[in-house]
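Trainee: Okay, sequence plus prediction incoming.
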Amino acid sequence: MKDTRELYEQRTAARLDEWQAKMQALKAKTTRVSADAQIGAREQLEKLHDKSDEMKEKLKDLKSKSSDNWEDAKQHLESSMSEFETALKGLISKDG
């Protein structure tokens with residue numbers, strides 16, 4: 001179980017890092033759009049950044065959970081990650 005748990009935590013951290021890189025790329029692209037579009041994109045990116053920070057905290061919390069509480073914490077993290085991924089994909093699709 002411990003190996004599976006550690007692998008999950010490592011994969012989750014890698015996904016968070018990947019999404020962080022995608023947000024950075026989107027942020028860089030916002031400089032090439034109109035002022036109104038920049039404001040909207042930056043607001044959405046700020047919300048995503050806040051959610052990203054929240055997920056990092058949940059991952060940190062997950063690592064400290066006992067076996068009994070780990071699955072429940074994992075489900076909460078996965079739910080947050082699913083919402084985040086949907087929002088990020090939506091923002092990427094708007095960017096084109």
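Mentor: Looks like it arrived, so ask away. Residues are numbered from 1 along each chain as shown.

Trainee: same for the helix or strand Asp17 falls within, what does it pack against?
Mentor: Following DSSP states H and E, one finds Asp17 within helix 2-29. The helices and strands touching helix 2-29, judged by 3 or more Cβ pairs under 8 Å, 6 or more residues apart in numbering; DSSP states H and E, are helix 35-64, helix 67-95. For the C-beta atoms, the positions are set from N, CA and C on the backbone; glycine is no exception.

Trainee: okay, the angle between that helix and helix 35-64?
Mentor: Helix 2-29 and helix 35-64 are oriented at 170 degrees to each other (axes from the mean of the first three to the mean of the last three Cα atoms, to 10 degrees).

Trainee: Which positions within helix 2-29 qualify as buried?
Mentor: 5, 8-9, 12, 16, 19, 23, 26 (16 or more other Cβ atoms under 10 Å).

Trainee: which one of these is nearest Glu85?
Mentor: Trp19 (7.3 Å; Cβ to Cβ).

Trainee: Now the closest one. Nearest residue, chain neighbours left out?
Mentor: In this structure, Trp19 finds its nearest non-sequential neighbour in Leu88, 5.9 Å apart by Cβ to Cβ, 6 or more residues apart in numbering.

Trainee: quick one: low-confidence parts of this protein?
Mentor: By pLDDT under 70, the weakly predicted segments of the chain are 1-2, 95-96.

Trainee: same thing but at 80, please
Mentor: Counting by pLDDT under 80, the chain has low-confidence residues at 1-3, 31-38, 94-96.

Trainee: Skipping its backbone neighbours, what lies nearest Tyr8 in space?
Mentor: Tyr8's closest residue in space is Lys74 (Cβ to Cβ, 6+ apart), at 7.2 Å.

Trainee: how close does that neighbour sit to Asp68?
Mentor: 12 Å (Cβ to Cβ, to the nearest Å).

Trainee: Let's check: the centremost residue of this structure is which one?
Mentor: Closest to where the C-alpha atoms of the chain average out (Cα atoms, centre = their mean) is Ser52, at 4.1 Å.

Trainee: Number of residues surrounding the closest residue to Ala37 other than its chain neighbours?
Mentor: Ranked by Cβ to Cβ, 6+ apart and with sequence neighbours excluded, the top spatial neighbour of Ala37 is Thr30, at 7.5 Å. By other Cβ atoms under 10 Å, 16 other residues sit near Thr30.
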